[in-house]
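**Q** Need the 3D shape of this:
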Amino acid sequence: MLLRQLTYLVTLAQEQHFGRAAEKCNVSQPALSGAIRSLEQELGVSVVQRSRRFEGFTADGERVLIWARRILSDCGSLRQEVGTRELSPRGVLRFGAIPTTLSMVPLLTDFCLRPYPDMRHEVYTLATSQMLQKISNFELDLGMTYLSDGRLREFQTLPLFKERYVLITRDDSVLQGASELSWADVAELPLCLLTANMQCRQGINAAFAEAGIRVSPRVETDSMTVLYAHVRCSGLCSVVPHSALSLIEMRQEITAVPILPELQREIGLVMLKRDPQPLLLASALAIFATLDLQARVDAFLHC
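**A** Predicted coordinates:
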């Protein structure tokens, strides 16, 4: 079994098309198809469902694909370990983040890019379920999400900070001079909130429920950009994690007010349990562990 065959297989899974996979691998389509057939013969199983076009992987093929990604990941880690022993880590760190934490990602990547000029980052916005699946499949190196999620028990985690929830508005008059609000006060305001399927909204709903309140937002969205646009342009208020105030333009245009009783939720990094961790990831984690992100995000409330 050749690494080239496994590379073709993983690329086919990414592209979902024989022609595009072959082009990406810089080989002819017959060469790619032939290599995958040779892999099937060597393993004694059918890996790809074939007709005139690519139709997916067989059940055996899905299992082979998991191992192919793992083997290629370990080979890449071996090359990093041997090739950069005396140099800075080189390669691409693939980073997933839930939408509400995206504004914090540059704080992490910036601290890596400065000491490690040969490190690059790819950042993807994903739901936690998608993120964990891609980490398990070696398609991502790490992700940022809520650490209270029970699905994280099988993963290694690194706590970063606890987010606190605030009401944001562009129209100060709706606050009537209040420096803090109750959840009942917030429910009386015209709201734009994240959609109910998002973990951030689920925490907000739990806080309203604890106060014995059901809330009916005027607008719901799965995009922090759309949410902010409605606060900025439509006269609506919203409830967001205080880490979202890291956006400079948001701090300049809106007022943020704490909500009591305070809702706190821990945010952190999640990755596969591996010993040793790949050099690229281990180098990044060593830096992330030294950062006091809690102080950084808490300072946003006073800017």
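
**Q** who's in contact with the spatially closest residue to residue 122 that is not a sequence neighbour?
**A** Leaving aside its sequence neighbours, residue 122 sits nearest to residue 94 (Cβ to Cβ, 6 or more residues apart in numbering; 4.9 Å). Every residue, glycine included, has its C-beta placed from N, CA and C. Residue 94 makes contact with 121-122, 124, 139-142, according to Cβ atoms under 8 Å, 6 or more residues apart in numbering.

**Q** now with 7 Å?
**A** Contacts for residue 94 (Cβ atoms under 7 Å, 6 or more residues apart in numbering) come out as 122, 140-141.

**Q** Select the helix or strand of this protein having the lowest average pLDDT value.
**A** Counting by mean pLDDT, DSSP states H and E, the chain has its least confident helix or strand at helix 248-253, which shows a mean of 61.

**Q** about what we covered before: my reading is that the residue nearest to residue 122 lies in a helix. Confirm?
**A** No. Going by DSSP: H, G, I helix; E, B strand; the rest coil, the assignment for residue 94 is strand, not a helix.

**Q** how far away is residue 182 from residue 207?
**A** With distances taken as Cβ to Cβ, to the nearest Å, residue 182 is found 10 Å from residue 207.

**Q** Show the low-confidence segments of the protein, by residue range.
**A** Applying pLDDT under 70 to the chain flags residues 1, 81-87, 247-252, 303.

**Q** For residue 105, see how far away the residue nearest the centre of it is.
**A** In the chain, the centroid-proximal residue (Cα atoms, centre = their mean) is residue 97; its distance is 1.8 Å. Residue 97 sits 5 Å away from residue 105, taking Cβ to Cβ as the criterion.

**Q** And residue 6, by the same measure?
**A** From residue 6 to residue 105 the distance is 30 Å (Cβ to Cβ).

**Q** Which one of the two is surrounded by more residues?
**A** residue 6 (22 against 17; other Cβ atoms under 10 Å).

**Q** Surely that one touches residue 68?
**A** Yes. Assessed by Cβ atoms under 7 Å, residue 6 is found in contact with residue 68 at 4.1 Å.

**Q** Common neighbours of the two, please.
**A** By Cβ under 7 Å, 6+ apart, no residue touches both residue 6 and residue 68.

**Q** Can you list the buried residues in the lengthiest strand in the chain?
**A** If you go by DSSP state E, the chain has its longest strand at strand 156-169. Neighbour-count burial for strand 156-169 flags 157, 160-169 (criterion: 16 or more other Cβ atoms under 10 Å).

**Q** could the residues you listed be laid out in a markdown table, adding distance to residue 25?
**A** Below are these laid out as a markdown table (distance: Cβ to Cβ, whole Å):
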| residue | distance to residue 25 |
| --- | --- |
| 157 | 35 |
| 160 | 37 |
| 161 | 41 |
| 162 | 45 |
| 163 | 42 |
| 164 | 48 |
| 165 | 47 |
| 166 | 49 |
| 167 | 52 |
| 168 | 48 |
| 169 | 52 |
